[in-house]
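Trainee: Sharing a sequence plus its predicted fold:
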Amino acid sequence: MKKYGLIIRIIELVLILISVAILVWGFVKGFPATVADDNGTVDPLLFWAYIMIGLALFAILIIGLGIAIKNNPKVLVKYGLILVGAAALCLVCYLLAKGEMAHGLSPTAPIPSAGELKFTDTILNLTYFTGAAAIVAIIFGEIIMAIRNK
């Protein structure tokens, strides 16, 4: 078991070093002020961020789910319910999305399609809902902890 911990630490260290190296390279080369001044520093940072997000999702979903199923197979039902709830939340946010044209667009900016506007509104609704849910959970969590500690 100690061998796995060492392997994870080495992988973690390598990923951190690569992240720092890419970030330092970007600062040394300089970031462009506008999109037209692209000097090749932004895309590698974005691609590395996508890779890191993908690795994190893989570690959480695939490895975490595998370990959880190995320890307790009944947890698969719990994960299934969470997945259905998340899909239902996304569907509700999609149905609430209006897809209206954004205000204050630059006249030279490309006009987004109806699908892009609907998708953007869906993501905004999802962000608003999860942000509000987090705030409510923090408030009620503190209230419940205060009541239980009396």
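Mentor: The structure has been received and is ready for your questions. The shown structure was predicted, so the numbers you read here are calculated from the model rather than taken from an experiment.
Trainee: quick one: what helix or strand has the most centrally placed residue in the chain in it?
Mentor: Computing the C-alpha centroid of the chain and ranking residues by C-alpha atoms, centre = their mean puts residue 53 first, at 7.1 Å. Assessed by DSSP states H and E, residue 53 sits inside helix 42-57.
Trainee: The worst-scoring helix or strand of the chain on mean pLDDT packs against which elements?
Mentor: In the chain, the helix or strand scored least confidently by mean pLDDT, DSSP states H and E is helix 64-71, which has a mean of 84. Of the remaining helices and strands, those touching helix 64-71 by 3 or more C-beta pairs under 8 Å, 6 or more residues apart in numbering; DSSP states H and E are helix 75-96. Heads up, the C-betas are built off the backbone N, CA and C, glycines and all.
Trainee: Now the helix it packs on: average pLDDT?
Mentor: For helix 75-96, the mean pLDDT works out to 93.
Trainee: Between helix 64-71 and that helix, find me the angle.
Mentor: 150 degrees (axes from the mean of the first three to the mean of the last three C-alpha atoms, to 10 degrees).
Trainee: Show me what helix 75-96 packs onto, helices and strands only.
Mentor: Secondary structure elements in contact with helix 75-96, counted by 3+ C-beta pairs under 8 Å, 6+ apart, are helix 64-71, helix 114-148.
Trainee: Run a quick check on residue 96 versus residue 125, I expect a contact.
Mentor: Yes: judged on C-beta atoms under 8 Å, residue 96 makes contact with residue 125 at a distance of 5.3 Å.
Trainee: So the two - more neighbours on which side?
Mentor: Comparing residue 96 with residue 125 by other C-beta atoms under 10 Å, the one with more neighbours is residue 125, at 19 against 14.
Trainee: Apart from its neighbours in sequence, what residue is nearest that one?
Mentor: residue 93 (4.0 Å; C-beta to C-beta, 6 or more residues apart in numbering).
Trainee: isn't that neighbour right up against residue 130?
Mentor: No: in this structure residue 93 lies outside contact range of residue 130 using C-beta under 8 Å: 9.4 Å.
Trainee: Many thanks, we can stop here.
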